[in-house]
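S.K.: curious how this folds, go ahead:
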Amino acid sequence: MGVAQRSRRWLVPVTAVAVVAGVGALGPVVADASPKLPGISAQDLLAKVQTAKVDGLSGTVRSDTDLGLPALPGVEGGNQLTDLLSGEHTARVAFASPDKARVSVLDNMAERVWTTDGKSAWAYDSSRREAVKLTVPAHSAKPKAAPESYDPQAVAKQFLDAIDPTTKVDVSGTEKVAGRDAYKLRLVPKTDKTTVGSVTLAIDSKTWVPLEVTVMPRTGKDPAVQLGFSAVSFDVPAASTFAFTPPKGVKVTEEKAPQTREVPKQVTPPKGVKPRTADSDRPTVIGKSWESVAMVRGVKTTGNGPLDQLLLKAPTVQGSWGKGKIVTSKMVSALITDDGRVFIGLVTPDTLQAAAAKAPR
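M.R.: The predicted model follows:
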């Protein structure tokens, strides 16, 4: 496999990095005694969080993730995606409005860097001695994902977007995070179709941005995911923070950003009406809020790869959607159908299959 192909596996778009660093990597931060803050209602706190805005920040994020995902047979030491979705990690992050962002993950004496200054983006892996430079054409839209992803609001937005009548919202107390006074905003799904038990956001009492997120599963007492700042500054980082010069001897591959950026389409197909059926590698979101499920097409197995070995032990299920294998954990459910579709979500297996029944073929 060529360098460019291998590099693409870890050249994570800034949005995806944010989701991993911001949702699948929630770091426990040592908390001091609960600070005394003025009382605030859940509605008022939620309004402040949703309208908060900062021009920049920098800090250190600590993460600890345990989604209960099974190990892939035949993959010694895992890979970069599964590594980021499990275990403990430390990252240095920074962003400056409107289009500058950087994350540097330090693991096992190696460093992985993703950074963009709004004109170009870099992905660097010190263990592989490889770097990819992505150039954004002058006439293309600016990489909006960069500021959105590293804005602390965007980290919590994944869960705030799930708030609807099926969500109980309350202020569960106060705590100190990274030396700053914070309110605890707790979201509890009322539906039993999700594997999420609760999500608690530690909200800074001055800037109103999330400093820490803790996701608890419906079963068990240990957090599934935690993300928190151990140190943070809301000063705007210098422009040089987002520059990158590859170390000597590093293989650099240059690529060009696509002209347009398409957003995954959310659909809830009406009974008897089939949505767009053209093959696409873009995920389709089925359902809403806590019960949403993502579907991707065109997944093929080789017959002897790690995924095949995992599926050998997975139970076979079938329904009006077809036939396939289902893999479950305390947080994640995934259905891999015989026709190459994959359904995945933070939902129960029954909810997953119900979503598959509504999905386009």
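S.K.: residue boundaries of the helices in the stretch 101-250 of the chain?
M.R.: 145-150, 152-160 (DSSP state H, counting those that start in this stretch).
S.K.: tell me the spacing between the nearest residue to residue 165 once chain neighbours are set aside and residue 94.
M.R.: Among residues not flanking residue 165 along the chain, residue 190 sits closest, at 7.9 Å (CB to CB, 6 or more residues apart in numbering). In this view, the C-beta of every residue, glycine as well, is placed from N, C-alpha and C. Distance of residue 190 to residue 94, given as CB to CB, to the nearest Å: 37 Å.
S.K.: next: residue 43.
M.R.: Applying CB to CB to residue 43 and residue 94 gives a distance of 32 Å.
S.K.: of these two, who's got more company?
M.R.: residue 94 (21 against 10; other CB atoms under 10 Å).
S.K.: which SSE is that one in?
M.R.: Element membership of residue 94 [criterion: DSSP states H and E] is strand 86-96.
S.K.: now that strand, how far from the centre of its chain.
M.R.: Between the centre of strand 86-96 and the centre of its chain there are 12 Å (CA atoms, centre = their mean, to the nearest Å).
S.K.: in its sheet, what does the helix or strand residue 62 falls within sit against?
M.R.: According to DSSP H and E, residue 62 maps onto strand 56-66. Using DSSP bridges, the strands paired with strand 56-66 are strand 86-96 (antiparallel), strand 225-233 (antiparallel).
S.K.: what's downstream of the shortest one, the next helix or strand?
M.R.: As assigned by DSSP H and E, the chain's next helix or strand after strand 225-233 is strand 251-256.
S.K.: for that next one, buried residues please.
M.R.: residue 253 (16 or more other CB atoms under 10 Å).
S.K.: low-confidence stretches in this structure?
M.R.: Per-residue confidence for the chain (pLDDT under 70) gives these ranges: 1-33, 69-86, 137-155, 257-281, 300-309.
S.K.: now do 80
M.R.: The model of the chain has pLDDT under 80 over residues 1-33, 68-87, 107-109, 136-158, 256-282, 298-312, 361.
S.K.: where do the domain boundaries of it fall?
M.R.: 3-256, 265-358 (automatic domain parsing).
S.K.: most neighbours per residue, which of the ones you listed?
M.R.: domain 3-256 (a mean of 18; mean count of other CB atoms under 10 Å).
S.K.: now the helices for the stretch 251-361 of the chain?
M.R.: Ranges of helices within the stretch 251-361 of the chain are 306-312, 349-358, based on DSSP H, counting those that start in this stretch.
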